[in-house]
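Engineer: below: sequence and its predicted model.
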2 protein chains.
Amino acid sequence: MKAINNVVYQDYMIKSIRFLLLGLFLWENVSAQKLPTDYVNPFIGTSNYGTTNPGAQVPNGLMNVSPFNVMGSSLNAFDKDARWWSTPYEHSNSYFTGFSHVNLSGVGCPDMGSLLLMPTSGKLEVDYHQYGSTYTQEVAHPGYYSNVLKKYGIKTEVSATTRVGVSKFTFPKGQANILLNLGEGLTNETGATVRYVSDTEIEGSKLLGSFCYTNNQAVYPIFFVMRVNKKPSKRGYWKFQRAGEKWENDWNKDAGKYKIFTDYTDQLSGDDLGAYFSFDVKENESLEVQLAVSFVSVENARKNLDAEQADFSFEKTQKNAASLWNNALSKIQVEGGTEDQKTVFYTALYHAMIHPNILQDVNGEYPAMESRKTLVADHNRYTVFSLWDTYRNVQPLMSLVYPDKQVGMIRSMIDIYKESGWMPKWELYSRESYTMDGDPAVPVIVDAWMKGIRDFDVNTVYEAFLKSATITDSTNKIRPDNADYVKYGYVSLRDSFDNSVSHAIEYYVADWNLAQLAGSLGKTKDAQLFAKRAQGYKHYYSSEYGTFRPILPNGEFLSPFSPLMGANFEPNHGFHEGNAWNYSFAIPFDIPGLVKLMGGKQKFVDRLQATFDKGYFDVTNEPDMLYPHVFSEIKGEEWRTQKLVKEILEKHFTNSPGGIPGNDDTGTMSTWALMNMIGIYPFCPGRPDYTVVTPVFDKVTIQLDKKYYPNGDKVTIRRQKAGAGDYIKKIVIDGKPFDGFKINHQTLVNSKDILIVTGNR
Amino acid sequence: MKAINNVVYQDYMIKSIRFLLLGLFLWENVSAQKLPTDYVNPFIGTSNYGTTNPGAQVPNGLMNVSPFNVMGSSLNAFDKDARWWSTPYEHSNSYFTGFSHVNLSGVGCPDMGSLLLMPTSGKLEVDYHQYGSTYTQEVAHPGYYSNVLKKYGIKTEVSATTRVGVSKFTFPKGQANILLNLGEGLTNETGATVRYVSDTEIEGSKLLGSFCYTNNQAVYPIFFVMRVNKKPSKRGYWKFQRAGEKWENDWNKDAGKYKIFTDYTDQLSGDDLGAYFSFDVKENESLEVQLAVSFVSVENARKNLDAEQADFSFEKTQKNAASLWNNALSKIQVEGGTEDQKTVFYTALYHAMIHPNILQDVNGEYPAMESRKTLVADHNRYTVFSLWDTYRNVQPLMSLVYPDKQVGMIRSMIDIYKESGWMPKWELYSRESYTMDGDPAVPVIVDAWMKGIRDFDVNTVYEAFLKSATITDSTNKIRPDNADYVKYGYVSLRDSFDNSVSHAIEYYVADWNLAQLAGSLGKTKDAQLFAKRAQGYKHYYSSEYGTFRPILPNGEFLSPFSPLMGANFEPNHGFHEGNAWNYSFAIPFDIPGLVKLMGGKQKFVDRLQATFDKGYFDVTNEPDMLYPHVFSEIKGEEWRTQKLVKEILEKHFTNSPGGIPGNDDTGTMSTWALMNMIGIYPFCPGRPDYTVVTPVFDKVTIQLDKKYYPNGDKVTIRRQKAGAGDYIKKIVIDGKPFDGFKINHQTLVNSKDILIVTGNR
């Protein structure tokens, strides 16, 4: 809790100075004066496997500068070298070994988390087991992080522009050292090269990739340029030298150790190496370091640096980052609710804009998908598409509140198809990792299309979707088991621990979406075909167990079968990261069909309720994150959604490092929370409506983008309590009573005010 | 002996075709028709620690392409990873793992021997422990090497231009692979980077250096461009992946193994990596590979490639290399003697032109000494100056036969001084390794000056020499113990195993030379000063032992003292690579003074003779290589020189892999042999004369460079036998009887004919 307390402490300190003249008794009103960024606690999700980081970043910026505390000491309970670990920062750890540049947030596999920048003082030490430090006085705000290194008494501060990180280190008197470690990082790949351009500038590259190990060929170099703002008294490299035989080591005093290169400043390459700068500094002297990246070239990294941070000005960069965040977060204004609820909300909204990231350099250049080509973007080229996660709510959020971002992302997806022949699935830095399942680009784009976001080349989209939906041989990179699927209507279990059912469920979702698009484009036959395919889910239903159940190649169900197998990420037959219960209600587009399949409304409701009552519901993962809202598809059962959502929000989404239940999944868990908190949740991607749930705030104001929603300027969602309970009694839109609990997207964006009256059930 | 037999076999085959029409009975006359290159056996010195290699190179070329057979298998008795090993090739080994590009020849420390190019066939295998092969049918000529890999049935052939190697591999039908291993090599440094430029071209760099570990900061990158002459069916990289913990390795199937990168073709860096090209080939299909280097940049490596080998034409390159060698070797023509003697002779002359090497690229650019600057040469810029070795005879040989090269080397040394502030000592690729002792640039340049080779900036030379001779603090990089030396006239033993006496002896040699130069320049006072200093050797003489003996800082001799300590490279007090006996007569400039010091002529002669009789003389190292000739400084004892030289030549210099006694020392051992074989040996560098010894040939014709020796066109040294013995009875120059056994340089180069009449003693 120290970090949180520090954040709150600093908040109060800043505010108390700002408002001192207004009088101390105005405290109650202070919150009204707060900016959205004041309600972001970047430490939320940094423990409890949330895997977010408190690093500095601008909205959807390529650069993220995060404290790195997951290696080098047994002081860290969660060590990247001692266990599977996928985040640069864990709140309960305490041994800091630098700032990593460019990081993934909320993911479940290690990658990135490299270019580790560390300040030290005193004698040069290049072994991170030695040079790391515990820390105190952590402070984090959007675009800013700071701590004090106990071992050295160094205050660190970091901030960022879109492609460039900046660090400010304030040293005690004596020798100050700045280290860039290129040998370590979260990434599974090693290998870097570095070169002094001048005494104050280095450039180089490092290999990254093999995310989740699913595609070990999906690797990419990150190029960097780093500058310090003072000429060092000494500078050089270090590199670990392999140990040879004893006779050899007798001669080679560097064998099996880090060799320090004091004179050599030309290109140095290797697996475990770094560059250092040493300075003689006065007491409290500050040094600034800029680190720019590019996925195209060193030259572009330098252009990014010169364009974004021509001068060293930490303060200016920090202010700019805060301003960008306030601007982005202000698109949704909330009133009422507790300070903690506001903090949970704005932090979630902040997490929704960490990924995807702007990939192109300041000159527009970016690496083409699956290619060595460099292309020039005519719109923002986004990267880091964790689409199996984000199609569920992050992309719908973008369509509603940030349609311009959404269009940029969709156009980027289309370009990815044009460049590589395939839509993205889990893309990083123009390489496809093939992590997770299905054909998730389809629901992302169809959902936007159905909501009227159509400023993209739909013909190419349709061509791409048809391709992955219809190719049945091994050249189909998106649907590897499409032959089975097209032939039988399901994917059969061909390897003991394959994800056949999970794959098929995603194909049904994709095909149902594709049917919507085909219908919208007047392609009636296609629409019928894909709608029919989407009904294939019924094959999997086992009346014996009341759940979905894997089907063997001979057409029979897998036996023996345990619907509870697969909990806690245990390997399972046919289901990916979950058990049969976690998937069996995951057919958002046809709950009526599912109800019928499962024996009618009462049986269905009872069984769904039982998943919650018996603890079969897993709040930490995507497949069943829609379960609470399934009740709202059944007339008269909506109260269950409202009850469950409230319970889940209160129990699992809190203003604390553990305040996200499991991986944030590039903002997907956060977005689940934030949309439920404002009272509307996108239950079924591709169906342009929202399930109305009880807002936690008295008033929510969503700023609408006039370019996409010309009839709307902003829409408010107000909650009016007509009793003690949190159940929805009545919905009134622009003064007119509204029937049901599903509000259409067009209705929403064309309304001014949605009033939700709550009370007892 | 297989290799030798093969060489001879191929020689005969070529000749037999050439002369078939002349009739088979002309065999006896065949030798008269042979070219000098036909008498070069590049396998001489490739065993018995000679450390030469049979690789392809042009005279003083930067590129040397050598078979590499010193790693990867216990089949190799001499393995770089099992013992100190300093050559890419050892004749008695048998496991070949490729061709190394850019190699040192005849040195005692490992470096270079990298960029390992290997052809294989069948399934791709990237571990050199597996992909290596035994071989047969070795053939080597100047500029050409070939073998047949038994494991694969691949015929390999290599040749070179100045900066570019070319390889031709003839494969069996099936999959052919070409591997460039960047992880291994003789060098002590690791770290490389490589990048596909196109499917048929890669570029990159590798770190080299820390030669002898004496200066671990003396490292340098070599840049390369490699091309293949056919588009591969597959291409990629491999890289050794570090092994993590078990949990990590369960996920990462590449952990602890070589990962194959099949798709990625952008920059790859690391410690242990390589690039591969695979092809589908027909039976006996040949592929050619060009590998160009530069010590400046990848761009320059490409320029070198395009300028020297624009087209793939192995045959043309090979012919060109042979022609360059014939041209260079033809400067000395020998007649008479046995075929083996001619082979020993021409191979020695060949070895004398392996180093130093041309450093500048085709555009004239080269890396400035001890700097990141790139400069442009206006003459050949040479590198690899092992001056402690070569000042003794290689550089004097250059002055006599290749004065243009000598001037280029001296100018390079002057430039090195201008660039770095110091003359070279043991320089490699513009970095000073500080290996071995003394101030050897002085005798190199003074010897040339005294012989009338003066086409260089003597004022700068003098400035440089005064600097290293007079600075007495720690900034003196050439004479680290100059304070002692200047103050006391000797260097005292300050560390138990320092090389104080060896240092001082070299300083005496340098100072005596400097006195000659000062005198020649009219700097009388300097001449007196340095001549006096040179007499300081007398301090070391211990009449008790009759040898030099280390002196302690208190002025007393080291006690106890063993003059035999230090044999076989055993560490010794005060003496470097030798014992007191190996150094005590090494004062070539003042044998009369030494005679007097040691108690007169008879005592001196007896003691010197005893070094031979008792086996104290070490033929394998430089300090005492002049000992046989010391007798010729004493009137009436010259016969001993003639006898000893003959014995040493016959015993130690033979037409066999073991035919050089110990490290060739960048041609120094070879030059000892070759000059003695033609009858003149440069006994005392700085003294422009030669000791006349018995030639092994009937007639030697030395072509003189008219630019430097306008009065001479060529000079012949003829031997006329006037009896059975090999003692010199009479010397006749241009028909006039010549008195004594020392022939002045000017006399030599202004003569037409020197007749040496030999007989019994």
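Structural biologist: Sure, I can see it.

Engineer: how far away is residue A:126 from residue A:262?
Structural biologist: Look at residue A:126 and residue A:262: by CB to CB, to the nearest Å, they are 12 Å apart. C-betas here are computed from N, CA, C, even on glycine.

Engineer: of the two, who's got more company?
Structural biologist: residue A:126 (25 against 15; other CB atoms under 10 Å in any protein chain shown).

Engineer: confidence score at the more buried one?
Structural biologist: Among the per-residue scores, residue A:126 holds a pLDDT of 98.

Engineer: which strand or helix spans the spatially most central residue of chain A?
Structural biologist: Centre of chain A computed as the mean C-alpha position; nearest residue by CA atoms, centre = their mean is residue A:666, 1.4 Å away. Element membership for residue A:666 (DSSP states H and E) is empty, with no helix or strand holding it.

Engineer: which residues are in contact with it?
Structural biologist: By CB atoms under 8 Å, 6 or more residues apart in numbering or on different chains, the contact set of residue A:666 is A:104, A:105, A:106, A:107, A:354, A:355, A:356, A:384, A:386, A:389, A:390, A:394.

Engineer: is the fourth one in contact with residue A:51, as I believe?
Structural biologist: Yes: using CB atoms under 8 Å, residue A:107 makes contact with residue A:51 at a distance of 6.1 Å.

Engineer: between these two, what contacts are shared?
Structural biologist: A:86, A:87, A:663.

Engineer: quick one: contacts for the residue of the stretch 551-700 of chain A found nearest chain B?
Structural biologist: Of the residues in the stretch 551-700 of chain A, the one nearest chain B is residue A:571, at a distance of 11.9 Å by CB to the nearest CB. If you count contacts by CB under 8 Å, 6+ apart, residue A:571 has them with residue A:497.

Engineer: name the secondary structure element that contains it.
Structural biologist: Short version, using DSSP H and E: residue A:571 is in no helix or strand.

Engineer: from residue A:502, how far off is it?
Structural biologist: Residue A:571 is 12 Å from residue A:502, by CB to CB.

Engineer: next helix or strand past the longest helix seen in chain A?
Structural biologist: For chain A, the longest helix by residue count, based on DSSP state H, is helix A:500-520. Per DSSP H and E, the first helix or strand lying C-terminal to helix A:500-520 is helix A:524-534.

Engineer: doesn't residue A:522 make contact with residue A:458?
Structural biologist: No: taking contacts as CB under 8 Å, residue A:458 lies outside contact range of residue A:522: 11.8 Å.

Engineer: so for those two, which sits in the more crowded spot?
Structural biologist: Shown here are residue A:458 and residue A:522; by other CB under 10 Å, residue A:458 has more neighbours (17 against 8).

Engineer: what sits against that one?
Structural biologist: A:449, A:517, A:521.

Engineer: mind redoing it with 10 Å?
Structural biologist: A:410, A:414, A:445, A:446, A:449, A:517, A:520, A:521 (CB atoms under 10 Å, 6 or more residues apart in numbering or on different chains).

Engineer: any figure for the gap between it and residue A:502?
Structural biologist: Taking CB to CB, one finds residue A:458 at 28 Å from residue A:502.

Engineer: ok, residue A:441 touching residue A:416?
Structural biologist: Yes: in terms of CB atoms under 10 Å, residue A:441 counts as a neighbour of residue A:416; the distance is 8.7 Å.

Engineer: residue A:49 and residue A:620: what is the separation?
Structural biologist: Taking CB to CB, one finds residue A:49 at 8 Å from residue A:620.

Engineer: give me the common contacts of those two.
Structural biologist: Contacts common to residue A:49 and residue A:620, judged by CB under 10 Å, 6+ apart, are A:660, A:661, A:662, A:663.

Engineer: ok, the third one touching residue A:653?
Structural biologist: No: proximity of residue A:662 to residue A:653 does not meet the contact threshold set by CB under 10 Å, at 11.5 Å.

Engineer: residue ranges of the helices in the stretch 251-400 of chain A, please?
Structural biologist: With DSSP state H, counting those that start in this stretch as the criterion, the stretch 251-400 of chain A has helices at A:298-308, A:314-329, A:339-351, A:387-390, A:394-401.

Engineer: and residue B:281, which of those helices is closest to it?
Structural biologist: Taking CB to CB as the criterion, residue B:281 comes closest to helix A:298-308 out of the helices of the stretch 251-400 of chain A, the separation being 37.8 Å.

Engineer: list the buried residues for the closest one?
Structural biologist: Residues A:298, A:300, A:301, A:302, A:303, A:304, A:305, A:307, A:308 are the ones in helix A:298-308 that count as buried (16 or more other CB atoms under 10 Å in any protein chain shown).
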